[in-house]
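> take this sequence and fold it.
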Amino acid sequence: MRTFPRLVTVLSLGLAACGDPPTTAPADCVTDEAFFAAQAAPLLSAQCVTCHVEGGLAGGTRHVLVPFVDDAALAENMARLGALVRDTDDGAALLLQKPTGQAPHVGGARFDTLSPEYAVLHELVARSASPAPASTPARPRRPAKTA
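Sure thing, here's the model as predicted:
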């Protein structure tokens, strides 16, 4: 039974949405955009983009990215992942379960749930589920622990 990973995901997403943006950010916090550029984009580029692009093996799925070639691609991919997490019932779960082998994935298991890659992906899902409003600066959050 795989209810524990779902429970962890639901609780994490709920906690991520609880707080108001702080008035001042601690020095070790980063905005959603900075986190995506520094940690999520390298992971997605190395682990996902080969297949999850238009014309790629997974180009017909809901998780389709554009190659990370410039800032516009970063923004586009951040928007696409955010929409997948927020606008689909199972988007967050699939983003966490497929690359860890907990759900069928043609690309196979890419990493495990205790890996630094999973920590980054989990943080990405939490941030995507509850992004800062566009009219205000992105709320800072602590970066994912990578080792």
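
> residues near Ala40, how many?
Counted by other C-beta atoms under 10 Å, the residues lying close to Ala40 total 23. Quick note: C-beta positions are derived from backbone N, CA and C, even for glycine.

> so it, which state does it fall into?
Three-state call for Ala40 (DSSP: H, G, I helix; E, B strand; the rest coil): helix.

> go through the chain and flag its longest helix.
Assignment by DSSP state H gives helix 71-87 as the longest helix of the chain.

> tell me the contacts of the residue nearest the centre of the chain?
Central residue of the chain (C-alpha atoms, centre = their mean): Leu124, 2.9 Å from the mean position. With contact taken as C-beta atoms under 8 Å, 6 or more residues apart in numbering, Leu124 is in contact with 35-36, 39-40, 81, 95.

> let's see 7 Å
By C-beta atoms under 7 Å, 6 or more residues apart in numbering, the contact list for Leu124 reads 40, 81.

> host element of it?
Secondary structure assignment for Leu124, by DSSP states H and E: helix 116-129.

> which helices and strands does the helix or strand just after the longest helix of the chain pack with?
With elements assigned by DSSP H and E, the helix or strand that comes after helix 71-87 is helix 91-97. Secondary-structure packing of helix 91-97 (3 or more C-beta pairs under 7 Å, 6 or more residues apart in numbering; DSSP states H and E): helix 3-16, helix 71-87, helix 116-129.

> packing partners for the longest one?
Going back to what we said before, that points to helix 71-87. When contacts are defined as 3+ C-beta pairs under 7 Å, 6+ apart, helix 71-87 packs onto helix 91-97, helix 116-129.

> name the next helix or strand downstream of the lowest-mean-pLDDT helix or strand in the chain, please.
Every helix and strand in the chain was compared by mean pLDDT, DSSP states H and E; the lowest is helix 3-16, with a mean of 42. Note on helix 3-16: by DSSP H and E, the next helix or strand toward the C-terminus is helix 32-35.
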